[in-house]
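> what's the 3D shape of this:
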Amino acid sequence: MDPVELNLTKLENVKSVEEAQRINLAGKKKLVSLTLEWTREAERFVDHKILMENLVPPSTLVTLEICGYSGVSFPTWLMLDQLPNLENLVFRGMPNLEEWNMSHSSGEDHVIRILKIHDCPLLRMKPLPPKARYWVISNSDNVLSSCSSVSPVIITELSVQNCRVPLHQWSLLQHFPILTSLFIKGSIDLTGSPEVIRHLSSLKTLDLQDQDFEELPKWLNENKGKLTKLNLMDCNSIASLPQWLGELTSLKELGLQGCAVLRTLPESIQQLTGLQILIISSCPELKCLVERVCLLPSSLSSITIWNCNGIKCLPEGIEQLTNLRRLDICGCSDLRQWCELEENRMKLDHIKENVFLK
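Here you go, the predicted structure:
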């Protein structure tokens, strides 16, 4: 019976091309998921590229993962027109891989769903990157900076992790005219350039996770009409948010999580008249949401405060937030006690869901 899923591991133990041919992957017409994996730095009997040339999968393949391959380029069968049903493609742990040449592919209209590239620091895609809706690039700097030919590629989400290429050198962005979601993790220089800012003009969601990150990138202020969700995670060097945050008037959700030295929120937060969700967690230096009579926008429907022991009470005038439907407090003992006082319960009566956990 033909398998639906096949994981070929420790391929360095294959002793001959004939042994690989006997696997007859191309003949397994029900195969939809395939993993090809070599053990890193293990001795091999057959050159990786020669072996891979003889591991041609069937056209039915939906998911392909390649790990530990030590060749500098891929065989020609790794073209999207050769794998017309492919939706998920993962490259992992290939420090020698230098080139993925797409010049002989005629699969220009083939759009894969997910492309993940991990630990392939030398990889360059020529002449154009493949079309994918969601990209994950981790520790693979050349993928970000090596694209030169310009042609729009379908993509809506990009995740970049543990790369060192400064944002203004991300030439890959020129292929992503409709990028709507960007996640950046790691110490990256976020200084933009006019061209990069133009390529980020469609952003609706931005997630930043960087312990050395000290301030919001100024180019965000030029995207004020589109951004609906901003999430800062583990930004342990950011002590305050800029007043121009209030100019991001399209913002509907703001998350501040693990910002260890954040002390205040800007008064301009009241200008975010479309803000519906505010999430604050593990910000121990934050002493209050706002310092004066409630400056939180009246549009808020949900407030979450977790593990922020510096916050002792909700702002005066909290009862004015008539659209607030959920208040979720956890790990804030003093704040929870304040909310449970009889005189304060009355201020929160209009909130349908109050969740107070220890």
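> Nearest residue to residue 235 in space, ignoring adjacent ones along the chain?
Distance criterion C-beta to C-beta, 6 or more residues apart in numbering; nearest residue to residue 235, sequence neighbours excluded, is residue 213 at 4.6 Å. (Glycine included, C-beta is placed from N, CA and C.)
> give me the number of residues near that neighbour?
A count of nearby residues for residue 213, using other C-beta atoms under 10 Å, gives 22.
> So, low pLDDT: which residues of the stretch 51-200 of the chain?
103-108, 148-154 (pLDDT under 70).
> which stretches of it form strands?
Counting by DSSP state E, counting those that start in this stretch, the stretch 51-200 of the chain has strands at residues 63-67, 88-92, 99-101, 111-118, 124-126, 131-138, 157-161, 181-185.
> Partner strands of the fifth one and their direction?
In this case it means strand 124-126. Strand 124-126 has its sheet partners listed here by DSSP bridges as strand 99-101 (parallel).
> would you turn the strands of the stretch 51-200 of the chain into a markdown table with distance to residue 205?
Compiled in a markdown table, the strands of the stretch 51-200 of the chain are given as follows (distance: least, C-beta to C-beta, whole Å):
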| stretch | distance to residue 205 |
| --- | --- |
| strand 63-67 | 25 |
| strand 88-92 | 21 |
| strand 99-101 | 28 |
| strand 111-118 | 17 |
| strand 124-126 | 25 |
| strand 131-138 | 12 |
| strand 157-161 | 8 |
| strand 181-185 | 4 |
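> any chance of these in CSV, plus distance to residue 246 and mean neighbour count?
Formatted as CSV, the strands of the stretch 51-200 of the chain follow (distance: least, C-beta to C-beta, whole Å; neighbours: other C-beta atoms under 10 Å):
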stretch, distance to residue 246, mean neighbour count
strand 63-67, 44, 19
strand 88-92, 41, 19
strand 99-101, 44, 17
strand 111-118, 36, 18
strand 124-126, 40, 17
strand 131-138, 31, 20
strand 157-161, 27, 19
strand 181-185, 22, 18
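> which one of those strands lies closest to residue 356?
strand 181-185 (31.4 Å; C-beta to C-beta).
> so that closest one versus strand 131-138, what angle?
Orientation of strand 181-185 against strand 131-138 (axes from the mean of the first three to the mean of the last three C-alpha atoms, to 10 degrees) gives an angle of 20 degrees.
> Tell me where the stretch 251-358 of the chain has helices.
Counting by DSSP state H, counting those that start in this stretch, the stretch 251-358 of the chain has helices at residues 333-340, 342-345.
> Give me whichever of those helices is most buried.
helix 333-340 (a mean of 15; mean count of other C-beta atoms under 10 Å).
> Please save the CA atoms from that one in PDB.
This file holds the C-alpha atoms of helix 333-340, laid out as PDB (Å, rounded to 0.1, in the frame of the first residue of the first chain):
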ATOM      1  CA  SER A 333      -2.900  41.300  43.600                       C
ATOM      2  CA  ASP A 334      -3.300  44.900  44.500                       C
ATOM      3  CA  LEU A 335      -5.300  45.700  41.400                       C
ATOM      4  CA  ARG A 336      -7.600  42.800  41.900                       C
ATOM      5  CA  GLN A 337      -8.300  43.900  45.500                       C
ATOM      6  CA  TRP A 338      -9.000  47.400  44.200                       C
ATOM      7  CA  CYS A 339     -11.500  46.100  41.700                       C
ATOM      8  CA  GLU A 340     -13.200  44.100  44.500                       C
END
